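>>> only geometry, no sequence info:
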Ligand code: ASP
């Protein structure tokens, strides 16, 4: 009898252990990983994330399944990942909006980018471009600015939701040139770009990765890149300084984050896989062709990303407090 009771207890303990205790970190990953992308498919966050995670999956020996969770400038997705189990199987490819600027625009943001996540790795820097519908009546940035100032009441500008990169960089641009166009939100800048190419939207400030093919195909116009240097993917597009608006400087970024408390060995494995992907010639070729800036090894560490998030939260606060809602 005693033996039977002990056997039952042992089985109960084993059952509990089996369901509650996670597989040890050294076995990670033992099943597929979900990568949450907070914007629509085919947009810059989605494209960067998929290029890198496709390679990471090979290194890790498990598939990485992308799930696009859209809405509220990416903050719905980030909230979900902040609350997900911290076992390394749910990650997010966030960006300068979800993991920095949103803090200044959502008074009740349900997560804190700097304390509710484990930074994994910076994937890409993404210069911001000012782009417009292909028949926009301005031949260069100076004419563009004159036109938008004269017609601000009738203009539509697109963005990917409050706090998104396109929203905050668009707000910065509008503030600098002192205009208040109508903002039209989309679930990402892939659908915004479609609307721009169809002439339903007048202009947009977006991450370069989204717009290079459309500019090259002549489907939209590019007026300037908001970085100190021209971008090798679009060498004919002037910088904002060259085109007469040096005050408008903007470069965004995309990075992988895990929920807070994800074990350090798991973060290290993910970081190593991401860094290996960024050293792969084919991954680099694809990212560079779209105008991304590939981070140096020193910029790819979790510590460097933690620092970037802090700096960016602080950098956007005064800017976004000054801009129109
Ligand atoms: N570029 C977008 C943004 O404005 C998001 C996306 O579609 O990746 O934040």
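Looks like it arrived, so ask away. In this text the structure is predicted, and so the values were computed from the model without any measurement.
>>> quick check: residues of the stretch 201-325 of the chain near the ligand?
206-207, 210 (CB under 6 Å from any ligand atom). C-beta here means a position set from N, CA and C on the backbone, and glycine is covered the same way.
>>> the residue in the stretch 201-325 of the chain that the ligand sits nearest to: neighbour count?
Using CB to the nearest ligand atom, the closest approach of the stretch 201-325 of the chain to the ligand is made by residue 207 at 4.6 Å. Residue 207 sits with 33 neighbouring residues when counted by other CB atoms under 10 Å.
>>> and it, what does it touch?
Applying CB atoms under 8 Å, 6 or more residues apart in numbering, we find residue 207 in contact with 44-45, 126-129, 165-166, 189, 252.
>>> neighbour-wise, give me the winner out of those residues.
residue 45 (35 neighbours).
>>> look up how far the ligand lies from it.
3 Å (CB to the nearest ligand atom, to the nearest Å).
>>> where does that residue fall, secondary structure wise?
helix 44-60 (DSSP states H and E).
>>> quick one, longest helix in the chain?
helix 302-322 (DSSP state H).
>>> can you pull out the helices in the stretch 101-250 of the chain?
102-105, 141-150, 165-177, 189-197, 208-216 (DSSP state H, counting those that start in this stretch).
>>> quick one: the third one to helix 302-322, angle?
Following axes from the mean of the first three to the mean of the last three CA atoms, to 10 degrees, one obtains 50 degrees for the angle between helix 165-177 and helix 302-322.
>>> quick check: mean pLDDT of helix 165-177?
Across helix 165-177, pLDDT averages out at 95.
>>> relative to residue 317, how far out is the closest residue in space to residue 111 that isn't next to it in sequence?
With sequence-adjacent residues excluded and distances taken as CB to CB, 6 or more residues apart in numbering, residue 111 is closest to residue 82, at 3.8 Å. To residue 317, residue 82 is 20 Å away according to CB to CB, to the nearest Å.
>>> comparing the two, which residue is more hemmed in?
residue 82 (21 against 14).
>>> which ones are touching the more buried one?
110-111, 116-117, 259-260.
>>> drop anything exposed from the residues you listed.
Taking 16 or more other CB atoms under 10 Å as the criterion, what is buried in the contacts of residue 82 is 111, 116-117, 259.
>>> okay, the contacts of residue 82 in TSV with pLDDT next?
Formatted as TSV, the contacts of residue 82 follow (pLDDT from 0 to 100):
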residue	pLDDT
110	97
111	98
116	98
117	98
259	98
260	98
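>>> which ones among these lie within strands?
117, 259 (DSSP state E).
>>> which regions of the stretch 1-150 of the chain sit below the pLDDT cut-off?
1-24 (pLDDT under 70).
>>> tell me which stretches of the stretch 151-300 of the chain form strands.
Along the stretch 151-300 of the chain, the segments classed as strands by DSSP state E, counting those that start in this stretch run 156-159, 182-185, 203-207, 220-225, 251-259.
>>> for the closest residue to the ligand within the stretch 1-150 of the chain, give its distance to residue 115.
Of all residues in the stretch 1-150 of the chain, residue 43 sits closest to the ligand, at 2.7 Å by CB to the nearest ligand atom. Residue 43 sits 27 Å away from residue 115, going by CB to CB.
>>> stretch 149-168 vs the ligand: in contact?
Yes - on the criterion CB under 6 Å from any ligand atom, stretch 149-168 is in touch with the ligand at 160, 164-166.
>>> can you list the helices of the stretch 101-250 of the chain in a markdown table and add distance to residue 292?
Formatted as a markdown table, the helices of the stretch 101-250 of the chain follow (distance: least, CB to CB, whole Å):
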| stretch | distance to residue 292 |
| --- | --- |
| helix 102-105 | 22 |
| helix 141-150 | 23 |
| helix 165-177 | 13 |
| helix 189-197 | 15 |
| helix 208-216 | 6 |
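>>> the ones you listed: which one's closest to residue 294?
Checking these against residue 294 by CB to CB gives helix 208-216 as the closest, at 12.0 Å.
>>> the closest one: how far from the chain's middle?
16 Å (CA atoms, centre = their mean, to the nearest Å).
>>> so what does that helix touch, helix or strand wise?
helix 44-60, strand 117-133, helix 189-197, strand 220-225 (3 or more CB pairs under 8 Å, 6 or more residues apart in numbering; DSSP states H and E).
>>> let me know which of these is tucked in deepest.
Stretch with highest mean neighbour count among the helices and strands packed on helix 208-216: strand 117-133 (a mean of 26; mean count of other CB atoms under 10 Å).
>>> okay, the angle between that one and helix 302-322?
Using the same axes, to 10 degrees, strand 117-133 lies at 50 degrees relative to helix 302-322.
>>> now do strand 117-133 and strand 251-259, the angle between them.
150 degrees.
>>> report whether strand 117-133 contacts the ligand.
No - Strand 117-133 stays clear of the ligand (CB under 6 Å from any ligand atom), getting no nearer than 7.9 Å.
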